[in-house]
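Engineer: Any chance you can model this:
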Amino acid sequence: MHELIHRRRRNLPNAFAGHPSRVYDFVARRVLRVVYRRVAADIATVAPQGAQVLDVGTGPGVLLVELAARRPDLRLTGVDLSADMVATARRNLTPFADRARAHVGDVTSLPFEDQSFDLIVSSISTHHWDDPEGAVPELARVLRPGGRVYIYDFPFAPFDRLATSAATHSVLNGQTPERSRLRTGVLFLPYVRFVMSA
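Structural biologist: From the prediction side, this is the model:
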């Protein structure tokens, strides 16, 4: 059943272009803000001092805004398929432009050098990925040794496919992947935290 649900959700950058991107920005900043704050608080407790952090599927950059407010020492980068979402993220990140940026890119072909990041995060995005298996080696490529990947998403997200791909490619296997529930502060919004380590 969860696999069927996931198959109906695909990378749809055009669905987040123009007016829909403005609507999603409003929803992310107003309705889902409590979720992003909870995720940012969780990440802020585990991010190493001065870490380079990548947010995959950053959308309007609300998670990065929340992280920037909590941890001025972090260097933050967002990546998203939608050029309009990236433009919105850049606007939202303007107060933190000296340490936060956003780029257009796909999780299966990230526009970054090898070993660029200490920590990779993704929130409410993974269930849209067309090729979760193909994303895993790319996440591993841009992650520094000892780094971790924190994915926050709904229970039907393809966590098992990510774990299987990590095992198949012998990457992100520093520790057994961990899956746990995360309280979002929103009633009836179940959320899972999935962690993989380099």
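Engineer: Chain neighbours aside, what residue packs nearest to I124?
Structural biologist: Distance criterion CB to CB, 6 or more residues apart in numbering; nearest residue to I124, sequence neighbours excluded, is D153 at 6.1 Å. Quick note: C-beta positions are derived from backbone N, CA and C, even for glycine.
Engineer: My error: substitute S116 in the last question.
Structural biologist: V142 (5.0 Å).
Engineer: quick one, what contacts that neighbour?
Structural biologist: L54, L110, F112, E113, D114, Q115, S116, F117, I120 (CB atoms under 8 Å, 6 or more residues apart in numbering).
Engineer: mind running it again at 7 Å?
Structural biologist: L54, L110, F112, D114, Q115, S116, F117 (CB atoms under 7 Å, 6 or more residues apart in numbering).
Engineer: Could I get the buried residue list for the strand or helix carrying the first one?
Structural biologist: Counting by DSSP states H and E, the element that carries L54 is strand 52-56. Going by neighbour count (16 or more other CB atoms under 10 Å), the buried part of strand 52-56 is Q52, V53, L54, D55, V56.
Engineer: Out of the residues you listed, the closest to E138 would be?
Structural biologist: V56 (9.5 Å; CB to CB).
Engineer: Just give the number of residues close to the closest residue to the closest one other than its chain neighbours.
Structural biologist: Nearest residue to V56, sequence neighbours excluded (CB to CB, 6+ apart): S122, at 4.3 Å. For S122, the number of neighbouring residues by other CB atoms under 10 Å comes to 25.
Engineer: Compute the distance between S122 and T94, please.
Structural biologist: Relative to T94, S122 is positioned 23 Å away (CB to CB, to the nearest Å).
Engineer: Can you give the contact residues for the top strand by length along the chain?
Structural biologist: When the chain is parsed with DSSP state E, its longest strand is strand 143-153. When contacts are defined by CB under 7 Å, 6+ apart, strand 143-153 is touched by residues 39, 43, 115, 117-127, 139, 172, 182, 191-198.
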